[in-house]
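Sequence plus the predicted model coming up.
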Amino acid sequence: MRYYQRILRAQAQGLRVIVIDQMRSDMAERADEWIAVRSGTDGALALGMIRAIIKEGFSIVIL
């Protein structure tokens, strides 16, 4: 619950909140955008996000 309040405070200061969840939860209701995923597709979503992070150069290579 502590993080929930921090997110809401940050959102009030201009942070854009995007919730990715199967269910339209309370946080999804308050979010600026809710992305619904189907059951079992979270792995594909994670791989797509990783691909986008690497492709756009937002990753750091650590050896």
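Sure thing, it's come through.

CA only for contacts and neighbour counts going forward, please
Fine.

what about stretch 54-63, average pLDDT?
Mean pLDDT, computed over stretch 54-63, is 82.

residue ranges with poor pLDDT in this structure?
Low-confidence segments of the chain, defined by pLDDT under 70: 1, 63.

Could you pull out the helices in it for me?
Counting by DSSP state H, the segments of the chain that form helices are 2-12, 26-30, 42-55.

how many other residues sit next to the residue nearest to Arg16 when sequence neighbours are not counted?
Spatial nearest neighbour of Arg16, chain neighbours left out: Asp32 (6.2 Å); criterion: Cα to Cα, 6 or more residues apart in numbering. By the measure other Cα atoms under 10 Å, the count of residues near Asp32 is 13.

Which of the helices of the chain sits closest to Val19?
The closest of those to Val19 is helix 26-30. By Cα to Cα, the value is 5.5 Å.

elements contacting that closest one?
strand 18-21 (3 or more Cα pairs under 8 Å, 6 or more residues apart in numbering; DSSP states H and E).

can you dump the C-alpha coordinates of the strand it packs on into CSV?
Provided in CSV are the C-alpha atoms of strand 18-21 (Å, rounded to 0.1, in the frame of the first residue of the first chain):
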residue,chain,number,x,y,z
ILE,A,18,0.4,3.0,-17.2
VAL,A,19,-1.0,-0.2,-15.7
ILE,A,20,-0.6,-3.6,-17.5
ASP,A,21,-2.9,-6.1,-15.9
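
that older thread, look up how far Gly40 lies from the residue nearest to Arg16.
According to Cα to Cα, to the nearest Å, Asp32 and Gly40 sit 24 Å apart.

what's the answer for Gly14, then?
Applying Cα to Cα to Gly14 and Gly40 gives a distance of 32 Å.
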